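>>> the following comprises the amino acid sequence and a computationally predicted model.
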Amino acid sequence: MPELPEVENARQVLEKALDRTITDVDDSDSYVCRPHRPGEIAKALVGGKLVAAHRRGKTMWCETVTADGDPGPHLGVHLGMGGRVRITGPGGAREGELAGGLPKKSAEEKQKDEWDRVTVSFDDGGSFRLFDKRRLGRVRLEPDLDALGPDAAEISRDDFRARVGRGTAPIKARLLDQSVLSGVGNLLADETLWQAKVDPHRPSGTFSEPELDELRRVLRKATRAAIKHGGVHTGEVIPHRQRDVACPRCGAPMERGTVGTRTTWWCSAEQA
DNA sequence: ACTCGTGTTAGCTG
DNA sequence: TCAGCTAACACGAG
């Protein structure tokens, strides 16, 4: 679920976990905490604090300090396909809603405790948890950011031209490649290409510089709007990713197919 | 019962 | 070596 806008939302919530002394870490889920052994993350963090929460693309990480106030390891957090950040306050009281996922379908959305895959407990009785039904999220020490391209919301015009405007794969696949630029997921890619009236199948190397500049402008606009409104599902075309639905702009049928291994929707008239 | 999926990545191929 | 593609991952939802 989480793409760049949801992760930015989650990062802001994660800031509520800063500057609280860590008393315990449950890192016993060795799949979510791979490649660490159980206890390894706990040993590195207990006694210290998280002091800053950063994000690049869909990856978050916290700076930490040790009990002595020296710089500690970075704590990487990735929400995967459906993870969310959950923060509790002193005494364990809930602090706001889960951050980073879909809007609630119903008021009584299930939140089983066993779906808290990693828990960082603080001396005030509160905690930070990675809530993730599917366990495709990750928590790890010293996450490697080298393989990530520039953040999709920050990438410069020249960088975008050079990184996106090459190769023979479909433009959609290029936008989804986190090493090219980071943060674009399946829905944000569809939204951006629809807004820009670009065929998702078109090879990325065939775009002119003005076309790339326009694509970047639309991507940044769609990304900012999604952050502001609470997620990619608030896009203009995303609600129209259904069978027998017309393009909300021109009325032509929306078409469905697979591009770059992912389910893709596009306007049969404007994005052909 | 069975298929799908808003993400990542190891491994294969040309 | 690299760009591009596929399967696998885990498990709930429809």
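Sure thing, it's come through.
>>> look up the closest residue to residue A:183, ignoring the ones flanking it.
residue A:4 (3.2 Å; CB to CB, 6 or more residues apart in numbering). All C-beta spots, glycine's among them, are computed from the backbone N, C-alpha and C.
>>> how close does the one you found sit to residue A:84?
Separation of residue A:4 from residue A:84 (CB to CB, to the nearest Å): 15 Å.
>>> where does the residue nearest to residue A:183 fall, phi/psi-wise?
phi -50, psi -50 (degrees, to the nearest 10).
>>> count of residues packed around it?
The number of residues packed near residue A:4 is 25, by other CB atoms under 10 Å.
>>> per-residue pLDDT of residue A:243, please?
We have a pLDDT of 81 for residue A:243.
>>> part of a strand, is it?
No: counting by DSSP: H, G, I helix; E, B strand; the rest coil, residue A:243 is not part of a strand but coil.
>>> and the closest residue to it other than its chain neighbours, which of the three is it?
Here the nearest residue to residue A:243 in space, its sequence neighbours aside, is residue A:256; by CB to CB, 6+ apart that works out to 7.2 Å. Here residue A:256 is recorded as strand under three-state DSSP.
>>> surely residue A:256 and residue A:262 touch.
No: judged on CB atoms under 8 Å, residue A:256 makes no contact with residue A:262 at a distance of 11.3 Å.
>>> and the nearest residue to residue A:196 once chain neighbours are set aside, how far from residue A:121?
Nearest residue to residue A:196, sequence neighbours excluded (CB to CB, 6+ apart): residue A:218, at 4.3 Å. As judged by CB to CB, residue A:218 and residue A:121 stand 43 Å apart.
>>> the two: which is more packed in?
residue A:121 (21 against 18).
>>> let me see the contact set for the residue in chain A that DNA strand B sits nearest to.
In chain A, the residue that lies nearest DNA strand B is residue A:185 (2.1 Å; CB to the nearest atom of the strand). By CB atoms under 8 Å, 6 or more residues apart in numbering, residue A:185 lies in contact with A:2, A:3, A:4, A:58, A:176, A:232.
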